[in-house]
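> need coordinates for the following:
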Amino acid sequence: MAGLMKLAFLVLACMIVAGPITAKAALTCGTVTSNVAACIGYITQGGPVPGACCSGIKNLNSMARTTPDRQQACRCLKTAANALGPNLNAGRAAGLPKACGVNVPFPISTSTNCNSVK
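Numbers count the residues shown, from 1 in each chain. Below is the predicted model of the structure:
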């Protein structure tokens, strides 16, 4: 139940942040969050990377083809990561693309400058 509450909070936080940012980007934080939701347990608790997590990352990567969409995805991922607070394992989050065999054009990190993502 606590995991479900965290996911609901992440979705809400992403939707709030996405409001003013989505003018140029077609990708929304709701879409980003729904694609990475299956990754939260792995990021916070470890274990094997769920297949649904990798599917979501691959799907998200294929949707984020333009610079505005990649920047939006970056911002949404940062917001979601920050919402996890001390439960976030930054190393597991950063390693997800490689673990899933996906080349993401920016590092998944709370310190990534999303405005520099191309």
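> chain center to stretch 103-115, what's the gap?
10 Å (C-alpha atoms, centre = their mean, to the nearest Å).
> identify each buried residue in it, please.
104, 106, 108, 112, 114 (16 or more other C-beta atoms under 10 Å). (C-beta placed from N, C-alpha, C; glycine too.)
> ends of that stretch, what's the gap?
19 Å (C-alpha to C-alpha, to the nearest Å).
> got any ranges where the chain has weak pLDDT?
Where the chain drops to pLDDT under 70, the residues are 1-25.
> find the nearest non-adjacent residue to the residue nearest the centre of the chain, please.
Per C-alpha atoms, centre = their mean, the C-alpha nearest to the average position across the chain is that of residue 77, at 3.3 Å. Excluding the flanking residues, the one nearest residue 77 by C-beta to C-beta, 6 or more residues apart in numbering is residue 108, at 5.8 Å.
> from residue 46, how far off is the one you found?
Between residue 108 and residue 46 the distance is 16 Å, computed by C-beta to C-beta, to the nearest Å.
> residue 87 too?
11 Å.
> what do you get for residue 110?
Applying C-beta to C-beta to residue 110 and residue 46 gives a distance of 19 Å.
> ok, now which ones touch residue 117?
Shown in contact with residue 117 (C-beta atoms under 8 Å, 6 or more residues apart in numbering): 67, 70-71, 74, 105-106.
> element containing the residue nearest to the centre of the chain?
Using DSSP states H and E, residue 77 sits in helix 67-84.
> just the buried residues of that helix, please?
Here helix 67-84 shows 68-81, 83-84 as buried, counting by 16+ other C-beta under 10 Å.
> cool, stretch 39-46 as well?
39-44.
> swap in stretch 83-90?
Across stretch 83-90, burial judged by 16+ other C-beta under 10 Å covers 83-84, 88.
> one more: stretch 88-100?
Buried-residue list, stretch 88-100, by 16+ other C-beta under 10 Å: 88, 92-94, 96-97, 100.
> what's the helix or strand for residue 54?
Using DSSP H and E, residue 54 maps to helix 51-63.
> in PDB, list the C-alpha atoms belonging to that helix.
What follows is helix 51-63, C-alpha atoms only, in PDB (Å, rounded to 0.1, in the frame of the first residue of the first chain):
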ATOM      1  CA  GLY A  51      10.700  -6.900 -17.300                       C
ATOM      2  CA  ALA A  52       7.900  -4.400 -17.300                       C
ATOM      3  CA  CYS A  53      10.400  -1.700 -16.100                       C
ATOM      4  CA  CYS A  54      12.600  -2.400 -19.100                       C
ATOM      5  CA  SER A  55       9.600  -2.400 -21.500                       C
ATOM      6  CA  GLY A  56       8.600   1.000 -20.100                       C
ATOM      7  CA  ILE A  57      12.100   2.400 -20.500                       C
ATOM      8  CA  LYS A  58      12.300   1.200 -24.100                       C
ATOM      9  CA  ASN A  59       8.900   2.600 -24.800                       C
ATOM     10  CA  LEU A  60       9.700   5.900 -23.300                       C
ATOM     11  CA  ASN A  61      13.000   6.100 -25.100                       C
ATOM     12  CA  SER A  62      11.200   5.500 -28.400                       C
ATOM     13  CA  MET A  63       8.600   8.200 -27.700                       C
END
